[in-house]
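S.K.: Output the structure for:
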Amino acid sequence: MPGIENANPFAYVSTETIPQSPPPTAAKGVAGWLKTNLFATPRDTVLTIIVALILLWIVPPMLNWLFFDAVWTGDGREACLGEHVGACWAFVEAKFGQFMYGRYPAELRWRVDLTGFLLIAGLVPIAIPSVPYKRENAIYLLVVFPIIAFMLLTGWPFLEPVETSRWGGLLVTLVVAIVGIVVSFPLGILLALGRRSNLPIVKTMSVIFIEFWRGVPLITVLFMSSVMLPLFLPADVSFDKLLRALIGVALFSSAYMAEVIRGGLQAIPKGQYEAANAMALTYWQGMRLIILPQALKLVIPGIVNTFIGLFKDTSLVLIIGIFDLLGIVQQNFTDTNWISPATPATGLVFAAFIYFIFCFGMSRYSAFMEERLDTGHKR
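M.R.: Modelled structure (predicted):
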């Protein structure tokens, strides 16, 4: 037919970009979110309704007890007595100093505050990836700060001395947790490497250490470190009770840390080890530059989980007479000036909130670092 040879053979191909259409009304806004996340299927709808009913049954009484019917001010137990009295926050306000510092002298508590400020001043720069001078910050946190903190908290050698038996509350909780975390991490790495070593003596000693400490409850470790350890020391050598607890907690947590890190080492392909050898790197160079960075990235959740468990396990130091946050809260339940039905529950809720803040913070930061270090390709 005439003109066929001049027709565009690609006339069916669009030459213009079709403008983007708006999403359906049911898929955007609050209604779209609710339909997608809560009412997508009949089963989701039933579960949403059940959860909503449970929340309506639990949340209003909880809010009434925590806030609306709570006692916020008062000088004694009389303020927290009554038929419809909620939480006794006046008790927390009155005992807040003990909950934070224990029996640390009130006029010297500025030392604890200064120590906390110096700790935060070192943690914040090293925790933010964009802040430079990471090596200097690490040296400050691992070398300079422990010395300054020891001098401030104990008073040695120039300030007024404060015995560790007077420490308590959140101060002791943080001291035990931080020391346990800082010591157990590098020791756990060495134990994990030792358990995977080809040297029979090193491997055997690492296995014995790890299995021994993993097979003993922490309560037993604390009791043995407090009561039995002095029996094995010379008569002229004495360890502070808090120092004994720190040693026990650090050794105990390092065994669990070693197994977490060993799992990361086993997940590294054999080719990575061979690549390190092919580059003529020594064992320690290969571990430091190639193997450990990958292994530690893989087990960030397990490492942080161990840290969180260690932070909560610090409450067990009460068994050897060291009053951490939970211990000092329980001790104040016996204060005759504040004995009331609402006092124990209020104190425990306050302690639980403090523990939650620290544990949730560690969990969120680990999630942030895990996402930042994730080099995998999704989809």
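S.K.: counting contacts, what elements does the helix of greatest length in the chain pack onto?
M.R.: Secondary structure of the chain read by DSSP state H shows that its longest helix is helix 342-372. For helix 342-372, the packing partners by 3 or more CB pairs under 8 Å, 6 or more residues apart in numbering; DSSP states H and E come out as helix 89-101, helix 300-313, helix 325-331. (Each C-beta comes from the backbone N, C-alpha and C, glycine too.)
S.K.: So, low pLDDT: which residues of this protein?
M.R.: 1-14, 23-28, 376-379 (pLDDT under 70).
S.K.: mind redoing it with 50?
M.R.: Scanning the chain with the threshold set as pLDDT under 50 gives 1, 377-379.
S.K.: quick one, domains of it?
M.R.: Here the domain parsing of the chain from the TED database is 25-68, 89-373.
S.K.: Could you list every helix and strand that whatever helix or strand residue 116 lives in packs against?
M.R.: Assigned by DSSP states H and E, residue 116 belongs to helix 109-127. Secondary-structure packing of helix 109-127 (3+ CB pairs under 8 Å, 6+ apart): helix 89-101, helix 134-139, helix 145-154.
S.K.: Check what contacts the second one and list those residues.
M.R.: Counting contacts by CB atoms under 8 Å, 6 or more residues apart in numbering, the residues outside helix 134-139 that touch it are 122, 125-126, 131.
S.K.: I'd like those written out as a markdown table, with distance to residue 322 and neighbour count added.
M.R.: Below are these laid out as a markdown table (distance: CB to CB, whole Å; neighbours: other CB atoms under 10 Å):
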| residue | distance to residue 322 | neighbour count |
| --- | --- | --- |
| 122 | 25 | 19 |
| 125 | 32 | 17 |
| 126 | 29 | 16 |
| 131 | 35 | 11 |
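S.K.: for those, which one is nearest residue 293?
M.R.: Using CB to CB, residue 126 comes nearest to residue 293 of these, at 16.7 Å.
S.K.: burial count for the residue lying closest to the closest one once chain neighbours are set aside?
M.R.: The spatially closest residue to residue 126, leaving aside those adjacent along the chain, is residue 137, at 4.2 Å (CB to CB, 6 or more residues apart in numbering). Residue 137 has 19 neighbouring residues, counting by other CB atoms under 10 Å.
S.K.: Spit out the contact partners of residue 300.
M.R.: Contacts of residue 300 by CB under 8 Å, 6+ apart are 366, 369-370, 373.
S.K.: Compute the distance between it and residue 261, please.
M.R.: 11 Å (CB to CB, to the nearest Å).
S.K.: Ok, residue 246 next?
M.R.: Applying CB to CB to residue 246 and residue 261 gives a distance of 21 Å.
S.K.: the more surrounded of these two?
M.R.: Taking other CB under 10 Å, residue 246 and residue 261 do not tie; residue 261 has more neighbours (27 against 20).
S.K.: neighbours of the nearest residue to the more buried one once chain neighbours are set aside, just the number please.
M.R.: When the adjacent residues along the chain are set aside, residue 261 lies closest to residue 192, with 4.0 Å between them (CB to CB, 6+ apart). Residue 192 is flanked by 26 other residues according to other CB under 10 Å.
S.K.: Where does residue 192 sit: helix, strand or coil?
M.R.: Counting by DSSP: H, G, I helix; E, B strand; the rest coil, the backbone at residue 192 sits in helix.
S.K.: do the same with residue 104
M.R.: On the basis of three-state DSSP, residue 104 is classed as coil.
S.K.: For it, give me the backbone phi and psi.
M.R.: phi -60, psi 130 (degrees, to the nearest 10).
S.K.: now it: how far from residue 155?
M.R.: 11 Å.
S.K.: Settle it for me: which of these two has more neighbours?
M.R.: Just comparing residue 104 and residue 155: by other CB under 10 Å the higher neighbour count belongs to residue 104, 23 against 15.
S.K.: In this structure that one contacts residue 168, no?
M.R.: Yes - counting by CB atoms under 8 Å, residue 104 does reach residue 168; the two are 7.3 Å apart.
S.K.: Run the chain-centre distance for stretch 156-173.
M.R.: 24 Å (CA atoms, centre = their mean, to the nearest Å).
S.K.: residue contacts, the residue nearest to residue 212 when sequence neighbours are not counted?
M.R.: Spatially, and ignoring its direct neighbours in sequence, residue 212 is nearest to residue 255 (7.7 Å; CB to CB, 6+ apart). Residues in contact with residue 255, defined by CB under 8 Å, 6+ apart, are 188, 191, 209-214.
S.K.: now the strand or helix carrying residue 255 against helix 300-313, angle please.
M.R.: Here residue 255, judged by DSSP H and E, is contained in helix 241-267. Going by axes from the mean of the first three to the mean of the last three CA atoms, to 10 degrees, helix 241-267 is angled at 160 degrees with respect to helix 300-313.
S.K.: chain center to helix 241-267: distance?
M.R.: On the basis of CA atoms, centre = their mean, helix 241-267 sits 15 Å off its chain's mean C-alpha point.
S.K.: What are the buried residues along that helix?
M.R.: For helix 241-267, burial by neighbour count (16 or more other CB atoms under 10 Å) applies to 241-242, 244-262, 264-265.
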